[in-house]
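> curious how this folds, go ahead:
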Amino acid sequence: MTVLFAGGAATDAPEAVLPLTAAQSGMWYAQSLDPLSPAQNTAECLEIDGPLDPEVFATALRRVVAETDALRVRVEDTPGGPLQRVAASVGLPLTVNDLRGVPDARGRAPAWMRADLAEPCDLAAGPLFGHALFRVGDERWLWYQRVHHLVMDGFGHALLVRRTAEVYSALARGADPAPRRFGTLAGLVAQDAAYRDSEAFDAERAHWSAAFADRPGVPRLAGRGALPSRTSLRRTAHLGPEATGRVRDLATLLRATWPEVLIAAQALYVSRATGRRDVVLGLPMTGRAGSVALRVPGMVTNVLPLRVTVEPEATFGELVREVVLGIRTVRRHQRYRYEDIRRDLRLLGVSRALVGPLVNVVPFGYGVDFAGAPARARDLSAGPVDDLTLNIHDRVDGRGLTFDHDANPALYDEDALAAHQERFLHLVERLAEAGPRTPLAAHGIATPAELELVTDQFVRTGRELPPTTLIGAIEAQAVRTPDATALVYGEVSLTYAELNTRANRLARHLRTLGARTGRWWRWRCRARWSWSSRCSPC
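Numbers count the residues shown, from 1 in each chain. Below is the predicted model of the structure:
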């Protein structure tokens, strides 16, 4: 059975016309580049366990839509630029499906959601949101909500869910819901305009311009960039309760939070996977300052760069400390837009990115219920994916952490995405077990299966070899064919004799620094672990 609720959600306020905020403008321009792309759709699904009245639920949704300016927006492209028109009322696009007794009921609801997510929004026509309620058991429901990113971010989703649960619970118990507490979209627009005309805006522009004046190259796991795709790949994995507990214990030991520990782990992973010391991750930030922004469901969120230097001889505890301090700095300057930073630095175009992979940590669940029926949220889409995004969720249900790796299919296929996820989770478990004092150089990212492939299967030559070492074999070859080419790197070419001479020279230099056979040693070469011809001891 399918029921459509399309009744109007009206307010007493007259229709208003407002400019877009800076955050909304970024979403509008991205959508205008590809009007038929559904990539800007954001969505989540809430699993509700308990009795639920769909009529009361629809009434609660109508009330929340009437209270939320952003849900009544449509955007017009005018000669003076895009404007948003806030309607006095809008129909409620809610579909209710009773799937009890329907074959493959568990698969039908997700398939419907995927199909809905794949439909682009017409910003000029609206509405820019949609809801569906699926009954998949006698007391089990799925609430799906989809909103265009131009009008809603993750923080706004949370405000809507909590308010809907509050209104429904009151109505279900025959009580009047508490008065509306949301701020207005006009207030959010005014606050954004005031900020961009303030001394704080100029100060933050100066901060970001100085921090990235050298325009560091961005390490890319795929080795190249690409335009955002209309779709994205997703792979989900879980870190069990025991491993999650070890991550939390490590964070406590380091006087950090578990999200900071995992962000440091991602920085280490990207460094090892790309061979780069200078890593720049993207961190989604709420961008909300002051009581106005905190009370308005809308689009405010920002992505900002976190720059981390991964030194092989440093410990993981030292890396976490660097991440903690870096995040504090980013938060102090989180209102300055990512788009503005790139424009200031003249980093425009696919090949001039500012950040590599994104790390989006959601450290809490909604903790809501619908008249006593508890609900658990599951993210379905957080918007477009430029490269690779790691979404980490703590559902607060005792099942451990959930990891959603989202990838741009123009850069990654299913196998590559699976490999990155498996390696990262293996690294997290190793870091939690090893503790904070182990040098970063000791942490590889290869999984046990990959190590076995290299150390066993790749060396099965099918022929007997004399007892020797790798160095012994190279030295023997240098005696036999000293003038033969041994190594080519770019425009540099070395013969076996030259390679052997440089290796011996480097070995003697390392001994002067204290290196000995069978000992861990820590040293700092002027070339920072570079084995190129630029290394002074070579």
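> count the neighbours of Thr95 for me.
The tally of other residues near Thr95 (other C-beta atoms under 10 Å) stands at 17. Every residue, glycine included, has its C-beta placed from N, CA and C.
> in the host helix or strand of Glu475, what counts as buried?
Assigning secondary structure by DSSP states H and E places Glu475 in helix 470-480. Residues of helix 470-480 classed as buried: Glu475, Ala478 (neighbour count, 16 or more other C-beta atoms under 10 Å).
> send me it as PDB with only the CA atoms.
Taking C-alpha atoms only, helix 470-480 is exported to PDB below (Å, rounded to 0.1, in the frame of the first residue of the first chain):
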ATOM      1  CA  LEU A 470      70.300  -8.800  -1.400                       C
ATOM      2  CA  ILE A 471      73.400  -6.600  -0.800                       C
ATOM      3  CA  GLY A 472      75.700  -9.500  -1.500                       C
ATOM      4  CA  ALA A 473      73.900 -10.100  -4.800                       C
ATOM      5  CA  ILE A 474      74.300  -6.500  -5.800                       C
ATOM      6  CA  GLU A 475      77.900  -6.300  -4.900                       C
ATOM      7  CA  ALA A 476      78.600  -9.500  -6.800                       C
ATOM      8  CA  GLN A 477      76.900  -8.000  -9.900                       C
ATOM      9  CA  ALA A 478      79.000  -4.900  -9.500                       C
ATOM     10  CA  VAL A 479      82.200  -7.000  -9.700                       C
ATOM     11  CA  ARG A 480      80.900  -8.900 -12.800                       C
END
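> give me the contacts around that helix.
Taking contacts as C-beta atoms under 8 Å, 6 or more residues apart in numbering, the residues outside helix 470-480 that touch it are Thr468, Ala484, Ala486, Tyr496, Ala497, Leu499, Asn500, Ala503.
> which one (most neighbours) among the residues you listed?
Top of the contacts of helix 470-480 by neighbour number is Tyr496, holding 21 neighbours under the definition other C-beta under 10 Å.
> please enumerate the helices of the stretch 51-200 of the chain.
Secondary structure of the stretch 51-200 of the chain, counting by DSSP state H, counting those that start in this stretch: helices at 54-67, 105-117, 154-172, 185-196, 199-211.
> and what of the stretch 201-350 of the chain?
With DSSP H, counting those that start in this stretch as the definition, the stretch 201-350 of the chain shows helices at residue ranges 241-253, 258-274, 290-294, 316-332, 338-345.
> export those helices as JSON lines, with columns for distance to Ile392 and mean pLDDT.
Written out in JSON lines, the entries for these read as follows (distance: least, C-beta to C-beta, whole Å; pLDDT from 0 to 100):
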{"stretch": "helix 241-253", "distance to Ile392": "10", "mean pLDDT": "96"}
{"stretch": "helix 258-274", "distance to Ile392": "6", "mean pLDDT": "97"}
{"stretch": "helix 290-294", "distance to Ile392": "23", "mean pLDDT": "87"}
{"stretch": "helix 316-332", "distance to Ile392": "14", "mean pLDDT": "97"}
{"stretch": "helix 338-345", "distance to Ile392": "20", "mean pLDDT": "94"}
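> nearest to Pro51, out of these?
Comparing the helices of the stretch 201-350 of the chain against Pro51 with C-beta to C-beta, the closest turns out to be helix 241-253 (29.8 Å).
> what's the closest one packed up against?
Applying 3 or more C-beta pairs under 8 Å, 6 or more residues apart in numbering; DSSP states H and E, we find helix 241-253 packed against helix 258-274, helix 414-434.
> try 10 Å this time
Contacts of helix 241-253 with other secondary structure elements, assessed using 3 or more C-beta pairs under 10 Å, 6 or more residues apart in numbering; DSSP states H and E, are made with strand 233-239, helix 258-274, helix 316-332, strand 401-407, helix 414-434.
> got the angle between the second one and strand 401-407?
Spelled out, that is helix 258-274. Angular relation of helix 258-274 and strand 401-407 on a 0 to 180 degree scale: 40 degrees, by axes from the mean of the first three to the mean of the last three C-alpha atoms, to 10 degrees.
> got the angle for helix 258-274 vs helix 316-332?
Computed with the same axes, to 10 degrees, the direction of helix 258-274 lies at 110 degrees from that of helix 316-332.
> what's the following helix or strand after the helix or strand bottoming out on mean pLDDT in the chain?
Least confident helix or strand, the chain: strand 8-10 with a mean of 48, by mean pLDDT, DSSP states H and E. If you walk from strand 8-10 toward the C-terminus, the next helix or strand you reach (DSSP H and E) is strand 16-19.
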